[in-house]
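Visitor: this one's sequence-less:
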């Protein structure tokens with residue numbers, strides 16, 4: 001039976017996902033440097049040749065994992081827009097803080113930290129996560145700009161960058177806190193975090209209002 005391009009693409013995507021899942025498990029247990037392609041192939045249940053058919057090396061596998069994480073971030077932006085119901089996006093961003101525990105549970109925190117640590121040593125891995133971060137920041141800037149526009153306001157990219165970076169630092173910092181304090185219940189932080197997020201966003205609104213005056 002002749003395979004259509006669509007079915008071939010779907011099969012390739014499934015194989016790649018299979019490799020990435022196996023690599024996730026191996027990197028998390030053994031670290032990046034202590035994991036070989038042979039070990040990943042065994043965990044994935046496929047030959048080494050098949051691994052290299054889809055990924056040139058371990059760095060390419062990391063790029064695939066980072067891409068998956070980026071897709072989750074883009075879905076986060078979609079969730080906020082959907083949560084706004086076409087209303088105030090700033091309120092939707094504040095209310096989305098309630099998903100903190102779910103987002104932390106969905107994130108493979110040890111693997112994320114492992115990749116960041118590797119990026120500090122490996123320029124190629126650094127470029128991979130920096131490119132992904134640039135895309136994520138662009139999407140968040142667009143979201144904040146859209147939120148301000150709905151209030152009839154506008155901020156320069158430079159003025160948006162400050163509150164955006166602080167927000168990202170807060171949420172990324174929780175991943176480290178979970179490692180340092182495994183007994184931490186993210187839900188106990190929600191009132192304080194919601195207050196901080198609201199303050200940062202309202203400060204951005206105030207800056208935009210002053211610029212428009």
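Guide: Ah, there it is. This one's a predicted model, so the numbers in the text were calculated from it and none came from an experiment.

Visitor: Could you double-check that residue 89 lies in contact with residue 83?
Guide: No - counting by C-beta atoms under 8 Å, residue 89 stays clear of residue 83, with 9.0 Å between them. Using the backbone N, CA and C atoms, a C-beta is placed for each residue, glycine as well.

Visitor: Those two: which is more packed in?
Guide: residue 89 (22 against 16; other C-beta atoms under 10 Å).

Visitor: For the strand or helix carrying residue 141, name the packing helices and strands.
Guide: Assigned by DSSP states H and E, residue 141 belongs to helix 123-149. Here helix 123-149 touches helix 58-84, helix 89-95, helix 109-121, helix 157-180, helix 190-212, going by 3 or more C-beta pairs under 8 Å, 6 or more residues apart in numbering; DSSP states H and E.

Visitor: Mind checking what helix or strand follows the second one in sequence?
Guide: Secondary structure here is assigned by DSSP H and E; on that basis, the next helix or strand after helix 89-95 toward the C-terminus is helix 100-106.

Visitor: Low-confidence regions, this structure specifically.
Guide: Within the chain, the ranges that satisfy pLDDT under 70 run 1-8.

Visitor: Quickly list the domain ranges of it.
Guide: Listed by automatic domain parsing, the domain ranges of the chain are 1-55, 59-212.

Visitor: and the helix holding residue 141, which residues are buried?
Guide: 125, 128-129, 132, 136-137, 139-140, 143-145, 147-148 (16 or more other C-beta atoms under 10 Å).

Visitor: Can you pick out the most distant pair from the residues you listed?
Guide: By the measure C-beta to C-beta, 125 and 148 form the most distant pair in these, at 34.7 Å.

Visitor: Could you report the distance from the nearest residue to residue 144 once chain neighbours are set aside to residue 31?
Guide: Spatial nearest neighbour of residue 144, excluding adjacent residues (C-beta to C-beta, 6 or more residues apart in numbering): residue 160 at 5.2 Å. In this view, residue 160 and residue 31 are 37 Å apart by C-beta to C-beta, to the nearest Å.

Visitor: ok, these two, which is more surrounded?
Guide: Taking other C-beta under 10 Å, residue 160 and residue 31 do not tie; residue 160 has more neighbours (22 against 14).
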